[in-house]
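> model this:
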Amino acid sequence: MSEQSPAEDTREGYADALPEYAERVLQVAERIPPGRVMTYGDVAEWLEEGGPRQVGRVMALYGGAVPWWRVVRADGVLLPGHELRALDHYRAEGTPLKEAGRSAEGHLPRLDMRRARWDGGAGVEGHT
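Numbers count the residues shown, from 1 in each chain. Reported below is the predicted structural model:
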């Protein structure tokens, strides 16, 4: 997701107008298990189409109806403007976090990408 607000509409409300690529991105986001994350680039690589910016744009426009907090920046920084909402989800799901040092701006933790990152395996029904 970008720095824009997550969409609050449900996917059913515009399913007919949803571009095919966006639908595929959202399907991947829905497959990510609780407590795990994929980067924007991971999603693009999984789909073998587009790139991190395209995935981010889809998540910014349509991601409100899926677990948007599971599609993240590669550096583990929480989504600007949505840090506290995302953090609530991460803590509820047991997503691995790295606590922030005192010098960190805002004292917000980061995702522990080494432990939280999901490669799309185990329990997924193959590529789309």
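> chain center to the helix or strand hosting Met38: distance?
Using DSSP states H and E, Met38 sits in strand 38-39. Distance, stretch centre to chain centre, for strand 38-39: 6 Å (CA atoms, centre = their mean, to the nearest Å).
> what's in contact with that strand?
Strand 38-39 has contacts (CB atoms under 8 Å, 6 or more residues apart in numbering) with 28-29, 32, 46, 52, 70-74, 113, 117-118, 120. Where C-beta positions appear, they are placed from N, C-alpha and C, glycine not excepted.
> summarise which helices and strands the very next helix or strand once past it is packed against.
The C-terminal neighbour of strand 38-39 among helices and strands, as given by DSSP H and E, is helix 40-47. With contacts defined as 3 or more CB pairs under 8 Å, 6 or more residues apart in numbering; DSSP states H and E, helix 40-47 has these neighbours: helix 20-31, helix 52-62, strand 71-72.
> nearest the geometric middle of the protein, what residue?
In the chain, the centroid-proximal residue (CA atoms, centre = their mean) is Val71; its distance is 1.3 Å.
> hang on, Ala44 packs against Gly51?
Yes - judged on CB atoms under 8 Å, Ala44 makes contact with Gly51 at a distance of 5.0 Å.
> between these two, point out the one with more neighbours.
Neighbours per residue (other CB atoms under 10 Å) separate Ala44 from Gly51, with Ala44 holding more: 22 against 12.
> re the thing from before, list only buried entries from the contacts of strand 38-39.
Buried subset of the contacts of strand 38-39 (neighbour count, 16 or more other CB atoms under 10 Å): 28-29, 32, 46, 52, 70-73, 113, 117-118, 120.
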